[in-house]
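Enquirer: Below: sequence and its predicted model.
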Amino acid sequence: MYNHDMTAVNIDETQKMLDEIAEKLPKEFFKELNGGILLLPESKKSPHAKKNDLYILGEYVRSSSMGRMIYIYYGSFQRLFGRMEREDFRMRLKETLLHEFTHHLESLAGERGLEKKDEEKLAKYMENKKI
């Protein structure tokens, strides 16, 4: 599961993986995603992190000025999965992208199912991290 030579997947390779994953998705997924999928170099710590242990891998963003887009945080992937084998890293990337697309599609449909599940997971994390 972990890379023996510890070579991390660099940002260019991650972008290539992301493009390959996105190319296999149905065109309908991209409806109104006018900002596209952006791979950002930084890591993003959750504002709810208790001990630097909760990072945001991706975000679905809806902005009145910029439109709808998906952010993927390369730095967060490196912090959490940087030592994984390439295929395991790709799988995490795919899971994250599909998660964010679910937010997008639910948003278009006026649904909040995944948002509610995410809130429940966060509540469990907060409960488990009480000091």
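Expert: That came in fine, so what should we check first? Numbering: from 1, shown residues only.
Enquirer: Could you state which residue of the protein sits nearest its centroid?
Expert: With distances taken as C-alpha atoms, centre = their mean, the chain has residue 58 as the residue nearest its mean C-alpha position (2.5 Å).
Enquirer: ok, that residue - contacts?
Expert: Residues in contact with residue 58, defined by C-beta atoms under 8 Å, 6 or more residues apart in numbering, are 70-73, 96-97, 99-100. C-betas here are computed from N, CA, C, even on glycine.
Enquirer: Then residue 59?
Expert: Here residue 59 is in contact with 44, 70-71, 73, 100 (criterion: C-beta under 8 Å, 6+ apart).
Enquirer: Apply 7 Å and report the result again.
Expert: Contact analysis of residue 59 by C-beta atoms under 7 Å, 6 or more residues apart in numbering lists 71, 100.
Enquirer: Assumed it was part of a strand.
Expert: Yes. Secondary structure of residue 59 (DSSP: H, G, I helix; E, B strand; the rest coil): part of a strand.
Enquirer: Cool, thanks, talk later.
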